[in-house]
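A.B. asks: kindly return the folded structure for what I paste below:
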Amino acid sequence: MTTSTSTGEVLLDISGVSKYFTGAAGDELRVLDGIDLRLYSGEIVALLGRSGSGKSTLLRIIAGLIAPTSGRVRYRGRELNGANPGAALVFQSFALMPWLTVQDNVELGLAARDVAPAERHRRALAAIDMIGLDGFETAYPKELSGGMRQRVGFARALVLEPDLLLMDEPFSALDVLTAENLRTELVNLWATDDFPTKSVCIVTHNIEEAVLLADRVVVLGANPGRIITEISVPQPRPRDRRTAGFETLVEEIYGLLTGRETEPAVPAPDIATPTARPLPDASVGGLAGLVELVYANSGRADLPAVADELNFEIDDLLPLVDAATMLGFSTVESGDVLLTDIGSRFTTADIQESKRIFADQARHRAPLVRTICKGLAGSRDGTLRAGFILDLLRRGFGPEDARRQLDIAIDWGRYAELYNYDTDSDRITADPAAQIFTSRSA
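C.D. replies: Got it, this is the predicted structure:
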């Protein structure tokens, strides 16, 4: 494993930072836990991780938009107690004011800092020219393509001449070709002598993007977010995806994000609770498609190759891998997905047999599905109020995540014909054909 060897000036020093939010039941929901990180002058750093790793929360702590629950954040040696004066943020969703022209949008931050009109006009024009928007100064956002809107976001950040340029998945809302073009232009701008920022920190869930752009990739684990490792990328820019060194780093990071050796120990499937082992955000059709793809590849598939073939990013692919692993259909080894015997049976059986296999695996290995089945078996009338399950989930999840967990469990249970859900009554009802099974599993 390679680690950071940065020797530039320390711009930002994060020490022991954790972030908690208060749940509906008054308990603490951990988002970040024990983060230690330094950002140096002269480097691009990628914060990489799957959903639930707290990447965007960490970026907002760096920007001073939210405060950590514990730990310290220092900018140039001084503790940060508000907005970071040396940082500017580029958002995923462009965040432009639709009633303002391109130039007015770029000048917003300067106006907030009380820069004189003539000076902010001059600096805005220079930033617009630098980012390739010359000629669009008087255009409104609705007249621009997605790529051009994001260029406005870059210009609005760069016009502030920040020490730290912070970017929250700035290319994820763009089509593939536009995103690739903007990444290339960012690399080219970074290489110029007059680039007005000393360090770039980008949040991404795209492994190739991280390796293409960054001098250092900070890999975060999830639930709660914590740093697994930091990897230096020694290849000079621009980087070629086809080189052995590039592919090796991509494979290494895939292995880190799928390998259990870097994750905290989780309870065995038969004793794990719904909050200790949440359901992956995967549909039955999606995970079945993945299992079928691996089976067609002789039972073993390379994750980076699968992602490239399907044009999937990490947040698209890994939940499917996690779901197949949770249900015992596959295992993961060094970034490869390996099909198990039960996974092969699941994908080759007829539809009724595959449903039976899915039901058997889900009720024993998916903690929330098992909890619902036990609750139905123990109820007097074979029904449960969905709100009751939701209230239990809120003790370990925020409101949106709790709802999503319940929705996934309902989707899986319906497919498996274990139980049904009625929206009007908000009740979960045991499937009559599953009564003997749910009673036996209680």
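A.B. asks: grab the longest helix from the protein for me.
C.D. replies: helix 399-415 (DSSP state H).
A.B. asks: tell me which residues are up against the helix or strand following that helix.
C.D. replies: Toward the C-terminal end, the helix or strand that comes next after helix 399-415 (DSSP states H and E) is strand 419-422. By CB atoms under 8 Å, 6 or more residues apart in numbering, the residues outside strand 419-422 that reach it are 372-373, 376, 386, 410, 413-414, 427-431, 434, 438. For glycine as for every other residue, the C-beta is placed from the backbone atoms N, C-alpha and C.
A.B. asks: columns secondary structure, distance to Val187 and pLDDT on top of those, output as a markdown table?
C.D. replies: Putting the contacts of strand 419-422 into a markdown table (DSSP: H, G, I helix; E, B strand; the rest coil; distance: CB to CB, whole Å; pLDDT from 0 to 100) gives the following:
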| residue | secondary structure | distance to Val187 | pLDDT |
| --- | --- | --- | --- |
| Ile372 | helix | 49 | 93 |
| Cys373 | helix | 52 | 92 |
| Leu376 | helix | 56 | 90 |
| Ala386 | helix | 49 | 91 |
| Ile410 | helix | 45 | 94 |
| Gly413 | helix | 47 | 93 |
| Arg414 | helix | 47 | 92 |
| Arg427 | strand | 55 | 92 |
| Ile428 | strand | 52 | 93 |
| Thr429 | strand | 56 | 91 |
| Ala430 | strand | 57 | 88 |
| Asp431 | coil | 55 | 83 |
| Ala434 | helix | 56 | 64 |
| Thr438 | helix | 56 | 40 |
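A.B. asks: ok, back up a step: alpha carbons only: can I get the longest helix of the chain in PDB?
C.D. replies: In PDB, the C-alpha atoms belonging to helix 399-415 read as follows (Å, rounded to 0.1, in the frame of the first residue of the first chain):
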ATOM      1  CA  PRO A 399     -35.800   9.600   8.600                       C
ATOM      2  CA  GLU A 400     -34.900   9.200   4.900                       C
ATOM      3  CA  ASP A 401     -32.600   6.200   5.400                       C
ATOM      4  CA  ALA A 402     -35.200   4.500   7.700                       C
ATOM      5  CA  ARG A 403     -37.800   4.900   5.000                       C
ATOM      6  CA  ARG A 404     -35.500   3.600   2.300                       C
ATOM      7  CA  GLN A 405     -34.600   0.600   4.400                       C
ATOM      8  CA  LEU A 406     -38.300  -0.200   4.800                       C
ATOM      9  CA  ASP A 407     -38.900   0.300   1.100                       C
ATOM     10  CA  ILE A 408     -36.100  -2.200   0.200                       C
ATOM     11  CA  ALA A 409     -37.400  -4.700   2.700                       C
ATOM     12  CA  ILE A 410     -40.900  -4.500   1.200                       C
ATOM     13  CA  ASP A 411     -39.500  -4.900  -2.300                       C
ATOM     14  CA  TRP A 412     -37.500  -8.000  -1.400                       C
ATOM     15  CA  GLY A 413     -40.400  -9.500   0.700                       C
ATOM     16  CA  ARG A 414     -42.900  -9.000  -2.100                       C
ATOM     17  CA  TYR A 415     -40.700 -10.600  -4.700                       C
END
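A.B. asks: having no further points to raise, I will conclude here.
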